[in-house]
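[1] The sequence and its predicted three-dimensional model are supplied below.
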Amino acid sequence: MLEKLDAIGAQALKEVEAASSLEIVEQARIAYLGKKGALSEVLKGLGATDPSERPRIGAAANEWKRKIEEALEARKSGLESLELEKRLREERIDISLPSRQPHKGALHPITQVTRRIVQTFARLGFDVTTGPEVETEFLNFEAVNIPKDHPARDMQDTFFAGPGVVLRTHTSPVQMRAMREMGKWPVRILCPGAVYRCDDDATHSPMFHQVEGLWVDHGVKMSHLKGTLEFFARELFGSGSQIRLRPSYFPFVEPGAEVDVSCFNCSTQAGSGVVARDSCRVCKGTGWIEILGAGMVHPRLFEMAGFKDKSLTGFAFGMGVERIAMLLHRIPDLRLMYQGDVRFLSQFS
Ligand code: DAH
């Protein structure tokens, strides 16, 4: 019987040591130490042995049981740590891999250009001010010298928000607000903001942006207007830029002018362009690009503002931000700026 036990024990140790998985270890445990395992089976024959032999057999059986249990435990922890190593190897995270870049937002081209315009005039001492987009009909029109039935009202197809209330069609009412609020001069303000007009096609949007400028003080002359706008044009369109003033009509100024900047796209006198004048699409072969309206503040506006000093003068100007953004960035279609297409917008980040 002792020999049998030794044979089973030795076989058990061999199998346990060779077990290649935790499952096989468990199977070996059941096969040798289980209720119906090999060891128990042998011990069933204990009753038939010589009683004086029994303690030795019992002790030997216990010894094997202990050894097998030890072997099982050792193999189990060995396999477990192998398993762990394998998992660690397989699930290893390569922290040296570059991470996925998050999408970074950027300012809209209209915001960027507005800020450039504002910063340029800020360097000349203009303060930024704003006014409401929902404006009284009075301030939008009458107060800036566009009386009822004036043909100039047709130039600016108006959205009415209620009786006597409009979505402002331009930023010019802010001139009046600024003068009235300050109640004294000098007034030197710049007003960026959204404006609304009732048209909508490839070159017009029902909402767009303007920047208005106003400088009121004793001794402000047309030459100051020209110098200011020349500085602005050179800052924005390049140091070789020139400007020209063409006589024009705006109800709130007298005299009024449309202001052109020399084309920065084709070969101008300043010679900065690369395209031949004849084929230039930016200035359409004229060498000049219209960028804004301006003029000397109409005396009627001073009256409306309650400025009684007859010797007071001032200049004003207004420009469309979209137009300038399109020129600066060669944007072919106005509508691109309102569609929120990331492929377009990301070019300005
Ligand atoms: N308000 C005019 C417009 O919407 C632009 C403008 C022209 C503003 C001449 C001015 C100016 O201040 O003097 O088209």
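    Alright, I've got the coordinates. Numbering: from 1, shown residues only.
[2] Quick check: Phe237 vs the ligand, distance?
    As for Phe237, its distance to the ligand is 19 Å (criterion: C-beta to the nearest ligand atom, to the nearest Å). Where C-beta positions appear, they are placed from N, C-alpha and C, glycine not excepted.
[3] quick one, phi psi at that residue?
    phi -110, psi 0 (degrees, to the nearest 10).
[4] Three-state assignment for the residue lying closest to it once chain neighbours are set aside, please.
    Distances taken as C-beta to C-beta, 6 or more residues apart in numbering place Phe264 nearest to Phe237, at 4.9 Å, with adjacent residues excluded. Here Phe264 is coil, with the state taken from DSSP: H, G, I helix; E, B strand; the rest coil.
[5] the helices in the stretch 151-300 of the chain, which residues?
    For the stretch 151-300 of the chain, the helices defined by DSSP state H, counting those that start in this stretch cover 152-155, 173-182, 222-237, 299-305.
[6] Can you tell me how far the residue in the stretch 151-300 of the chain that the ligand sits nearest to is from Ser99?
    In the stretch 151-300 of the chain, the residue that lies nearest the ligand is Gly293 (2.7 Å; C-beta to the nearest ligand atom). Gly293 sits at a distance of 51 Å from Ser99 (criterion: C-beta to C-beta, to the nearest Å).
[7] With neighbour numbers in mind, choose between those two.
    Legend: neighbour count by other C-beta atoms under 10 Å for Gly293 and Ser99, higher for Gly293 (22 against 6).
[8] and that one, what is it in contact with?
    Counting by C-beta atoms under 8 Å, 6 or more residues apart in numbering, Gly293 touches Ser248, Phe250, Gly256, Ala257, Glu258, Val259, Phe317, Gly318, Met319.
[9] ok, what's across the strand from it?
    For Gly293, the beta-bridge partners are Glu258, Gly318 (DSSP bridges).
[10] Just the pLDDT for it.
    We have a pLDDT of 98 for Gly293.
[11] same thing with the one 3 residues further on?
    At Met296 the predicted local distance difference test score is 98.
[12] OK, contacts around it?
    Met222, Leu225, Val253, Glu254, Pro255, Thr313, Gly314, Phe315, Ala316.
[13] Ok, Lys35 next?
    Contacts of Lys35 by C-beta under 8 Å, 6+ apart: none found.
[14] So Arg330 sits against Val282, correct?
    Yes - the pair formed by Arg330 and Val282 meets the contact definition of C-beta atoms under 8 Å, at 7.5 Å.
[15] Low-confidence regions, the stretch 151-300 of the chain specifically.
    154-156, 267-274 (pLDDT under 70).
[16] need the residues of it near the ligand, please.
    Counting by C-beta under 6 Å from any ligand atom, the residues of the stretch 151-300 of the chain close to the ligand are His170, Ser172, Glu212, Phe250, Phe252, Val253, Gly293, Ala294, Gly295.
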